[in-house]
Structures are given as structure tokens and as C-alpha cells.
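Asker: coords below, sequence missing:
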């Protein structure tokens with residue numbers, strides 16, 4: 001059984017809980033959002049395995065980094081993983097609607113399923129689910145809360161705001 005490690009870090013959007021196996025990041029949760037992450041039984045606190053993630057997140061929040069280069073291990077269904085990969089192709093400062101993502105994935109009628117997969121993203125910020133907006137341009141639901149979504153899009157200079 002693989003050991004799970006965790007650490008916490010402050011950020012402009014509140015405390016972030018980072019989770020991983022010591023080599024790959026499997027979770028990044030905003031603790032002030034609707035679904036804060038919880039430390040699981042048997043998890044071990046360790047800061048070292050998360051040094052690169054912390055550095056890259058700090059650079060992102062300082063406006064010095066637009067993309068992340070981290071080994072990731074998100075856990076989900078094959079459809080969820082497909083959606084999460086599509087999220088990483090939305091450029092910094094850009095946005096896409098749920099319907100657009102569904103069409104890009106070859107599932108034009110699956111906007112709601114894309115929304116559900118987006119909402120289940122275990123690696124917020126790094127897998128940029130905040131870049132997905134409603135068909136009418138509104139900032140729709142976000143696990144971290146709409147104000148945090150607005151903050152992240154403003155940080156990126158998103159034209160949708």
C-alpha cells in the first residue's frame with residue numbers, strides 16, 4: 001500500500017491542502033471552499049515532497065508562472081480524467097464553457113457530465129477548473145466558491161470578467 005503524504009500552505013485564496021504519494025500530487029484542496037479536503041487516516045504530514053508544488057504555486061500567485069510542471073496522479077473515472085486533461089488545454093487567462101469542452105471531447109450533449117467532472121477535479125488551480133464558465137458567460141459554481149474563482153480569473157487577466 002502506498003503511503004499518502006500531506007501538507008498545508010497559505011495562499012491568497014486561503015489555506016491549501018496538498019496531498020500526494022511522495023512523488024506525485026494527487027490532491028490540492030482549498031480549505032475555505034464548499035468541499036474542503038480532509039486528512040485521511042494513516043496519512044503522514046511531510047513538507048519535503050511538496051517543495052516543487054509549493055514553489056510553483058507561490059510563483060503562480062505572484063504572477064510569475066502561467067503553467068504548472070508537476071507530476072500529477074488525479075484519481076477518477078476515465079471520463080473525468082479526459083475532462084481534466086481538457087482543462088489543462090485551456091490557456092492561462094482564457095476560459096471555456098461546459099458546452100465547448102463537451103464538444104471538444106466529442107460529446108456535444110454532455111455539458112452537464114463535463115460540469116460534474118469539472119466539479120470533481122481533485123487538483124484545483126493546477127488543473128484549472130476555474131477557467132470554465134457558464135454558457136452565458138457567468139461565473140458558475142466552483143468548489144472553492146465563486147469569489148475565489150473570480151480572484152483566480154482576475155489574477156490570470158481573463159477576458160471573461
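Answerer: Arrived safely, thanks for sending. Computed from a predicted model, the values in this text were never measured in an experiment.
Asker: give me the residue at the spatial middle of this structure.
Answerer: In the chain, the C-alpha nearest the mean C-alpha coordinate belongs to residue 124, at 1.6 Å (Cα atoms, centre = their mean).
Asker: can you classify the closest residue to it other than its chain neighbours by secondary structure?
Answerer: Once flanking residues are discounted, residue 124 sits nearest to residue 28: 5.6 Å by Cβ to Cβ, 6 or more residues apart in numbering. Heads up, the C-betas are built off the backbone N, CA and C, glycines and all. Using DSSP: H, G, I helix; E, B strand; the rest coil, the secondary structure recorded for residue 28 is strand.
Asker: residue 28 and residue 121 touch, don't they?
Answerer: No - if you go by Cβ atoms under 8 Å, residue 28 and residue 121 don't touch, sitting 9.2 Å apart.
Asker: the more surrounded of the two?
Answerer: The neighbour comparison of residue 28 against residue 121 (other Cβ atoms under 10 Å) goes to residue 28, with 26 against 22.
Asker: which residues does the more buried one bridge with?
Answerer: residue 18, residue 123 (DSSP bridges).
Asker: so for it, what's the pLDDT?
Answerer: Residue 28 carries a pLDDT value of 96.
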